[in-house]
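A.B. asks: quick one, fold the following:
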Amino acid sequence: MEAIVIGITSQEKIRERAMSIARGDYKPRPGEPKIWFTSMRALAGVLSDENRALLKVIQETQPQSITSLAETTGRKTSNLSRTLRTMSNYGIVEMRREKNLVRPVVRATEFHIVAA
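C.D. replies: I've put the predicted structure just below:
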């Protein structure tokens with residue numbers, strides 16, 4: 001599994017970069033951050049010790065649904081779902097729909113942080 005590069009910079013610089021890419025003025029180079037946070041505090045909220053432990057449990061047990069993951073971890077399904085949705089928004093977890101279940105799949109367990 002490849003490490004995800006995470007960048008930390010101001011919201012203004014994130015917007016400028018996104019607009020520059022959209023206009024075609026800038027093409028991101030390999031190894032540049034793909035995920036951006038506006039502060040270390042925001043990053044710490046998503047990659048807390050508890051959430052990194054959750055990623056490890058998902059990777060090791062490969063649960064077939066959020067419900068089975070909730071049973072394994074002892075967390076409430078609603079809380080777990082919210083956490084997984086947030087990590088999914090950042091590309092850390094993939095939520096795969098299979099029939100009438102949603103299965104969490106870890107996309108990264110190693111992270112490189114670049115603070116600008």
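A.B. asks: how near is the residue nearest in space to the middle of the chain to Tyr26?
C.D. replies: What sits nearest the mean C-alpha location of the chain, by C-alpha atoms, centre = their mean, is Ile92, with 2.6 Å. Remark: distance between Ile92 and Tyr26 (C-beta to C-beta, to the nearest Å) = 24 Å. For glycine as for every other residue, the C-beta is placed from the backbone atoms N, C-alpha and C.
A.B. asks: per-residue pLDDT, Met1?
C.D. replies: For Met1, the model assigns a pLDDT of 70.
A.B. asks: that older thread, now do the residue nearest to the centre of the chain against Ile21, distance only.
C.D. replies: Using C-beta to C-beta, one gets 21 Å for the distance from Ile92 to Ile21.
A.B. asks: before we move on, what about Thr83?
C.D. replies: Distance of Thr83 to Ile21, computed by C-beta to C-beta: 29 Å.
A.B. asks: please apply the same query to Ser81.
C.D. replies: Distance of Ser81 to Ile21, computed by C-beta to C-beta: 31 Å.
A.B. asks: have a look at these two and say which one is more surrounded.
C.D. replies: Ser81 (18 against 12; other C-beta atoms under 10 Å).
A.B. asks: tell me which helix or strand that one sits in.
C.D. replies: Using DSSP states H and E, Ser81 sits within helix 77-89.
A.B. asks: so after that helix, what's the next helix or strand?
C.D. replies: Counting by DSSP H and E, the element after helix 77-89 in chain order, helix or strand, is strand 93-98.
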